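S.K.: Everything below, folded, please.
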Amino acid sequence: MKKIDRLGWAAGLSFNAYGLRIGVRVNDERVLAGAVARLPPGWQPTAAPVGRLYSILAGGAGSRPGVRRFSLLYADAERIARAEDFAELLEVFESRLRFDIALNTPRRVFVHAGAVGWRGRAIVIPGRTFTGKSTLVAELVRLGATYYSDEYAVLDARGRVHPFAKQLSLREPETHRQIDTAPARLGGKVGVKPLPVGAVVLTEYREGASWRPRRLSPGRGALSMFDHTVSAMRRPELAFEALGRATATAPVLKGSRGDARATAEAILQSLTG
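M.R.: Purely as a prediction, here's the structure:
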């Protein structure tokens, strides 16, 4: 860490997010704004000592003609990324930062899931990468649901879902490259207050499938969500408390889906009564 401290840092800031104090420093103050744009939703600046420090070393032209220096990313004393493309390094920083918060926050339970609000309750869609949850969230938002997240459903101890409203990461069909999309571009609004869970939807995309879900018990629903909880092994008591309350009265629906639009319409129709 002492060697990293001597690399020459030009600017930085410290912030609070979900009960964690985190610092970011850069070797070129011109790139600080790009790092700040990658901070998690709801972050607040703080002057308190930090428990985690990210160091971003921007590369560029070297001392010899035709030679370029790699950009480097450190989390405390660990080098976690090296890239020629600085934008690629910032993507790694953003993803790692969100994961570290999800893993270590003492106040919330982060479930790898999409989430939207519908008539005063949250619809939670647990799923790993490439299961189609962002696509389904986008269609729900287009149909009038309120956007909460396409990456993490953030639960408190009472089982309520809080916003984690990063931009939606929608993939191009052919290249699978992610494109950040603001909810407003889909005609949607962003949630601002916690909501009790109104439904848990366990689904993955399967070509040609129709949405014909079966209903799971609250206990099986909580266990299914536990499998997608980042801090499950680190703080299982808090996770089970939050997930148990979240699924106590909410229907838990499981089944494969095909077309996202048709599935979103069916989900909303089943919850409208």
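
S.K.: now the helices: where do they sit in the stretch 151-273 of the chain?
M.R.: Remark: helices assigned in the stretch 151-273 of the chain by DSSP state H, counting those that start in this stretch are 218-226, 236-247, 260-270.

S.K.: For residue 40, which of those helices is the nearest?
M.R.: Comparing the helices of the stretch 151-273 of the chain against residue 40 with CB to CB, the closest turns out to be helix 236-247 (19.1 Å). C-betas here are computed from N, CA, C, even on glycine.

S.K.: The closest residue to residue 112 other than its chain neighbours: how many residues sit nearby?
M.R.: Spatial nearest neighbour of residue 112, excluding adjacent residues (CB to CB, 6 or more residues apart in numbering): residue 228 at 4.4 Å. Per other CB atoms under 10 Å, the neighbour tally for residue 228 reads 20.

S.K.: Could you verify my assumption that residue 228 touches residue 113?
M.R.: Yes: with contact defined as CB atoms under 8 Å, residue 228 counts as touching residue 113 (6.0 Å).

S.K.: hey, what's in contact with both of those two?
M.R.: Each of 126-127 lies in contact with both residue 228 and residue 113 under the rule CB atoms under 8 Å, 6 or more residues apart in numbering.

S.K.: So if we follow the domain assignment, how does the protein break up?
M.R.: 2-104, 109-270 (automatic domain parsing).

S.K.: hang on, the earlier thing: could you dump the helices of the stretch 151-273 of the chain into a markdown table with mean pLDDT added?
M.R.: Output for those, formatted as a markdown table (pLDDT from 0 to 100):
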| stretch | mean pLDDT |
| --- | --- |
| helix 218-226 | 95 |
| helix 236-247 | 95 |
| helix 260-270 | 96 |
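
S.K.: And those helices: which comes nearest residue 180?
M.R.: helix 260-270 (18.5 Å).

S.K.: which helices and strands does the longest strand along the chain pack with?
M.R.: Using DSSP state E to define each element, the chain has its longest strand at strand 109-118. Where contact means 3 or more CB pairs under 8 Å, 6 or more residues apart in numbering; DSSP states H and E, strand 109-118 is packed against helix 86-104, strand 121-126, helix 133-142, strand 146-149, strand 152-155, helix 236-247.

S.K.: between that strand and helix 133-142, how big is the angle?
M.R.: 30 degrees (axes from the mean of the first three to the mean of the last three CA atoms, to 10 degrees).

S.K.: from now on call the first residue 878
M.R.: I'll keep to 878 as the first residue from here, and by that count the last item is strand 986-995.

S.K.: For strand 986-995, the averaged confidence score.
M.R.: Confidence over strand 986-995 (mean pLDDT, whole number) is 97.

S.K.: do the same with stretch 878-896
M.R.: Summarised as a single mean, pLDDT over stretch 878-896 is 91.

S.K.: List the buried residues for it?
M.R.: 881, 886, 889-892, 894-895 (16 or more other CB atoms under 10 Å).

S.K.: got the contact list for it?
M.R.: Applying CB under 8 Å, 6+ apart, the contact partners of stretch 878-896 are 898-906, 909, 913, 916-917, 919-925, 927, 932, 934, 951, 953-954, 978, 982-985, 1031.

S.K.: neighbouring contacts of the helix or strand that residue 958 is a member of?
M.R.: Using DSSP states H and E, residue 958 maps to strand 955-960. Here strand 955-960 makes contact (CB under 8 Å, 6+ apart) with 947-951, 966, 969-970, 973.
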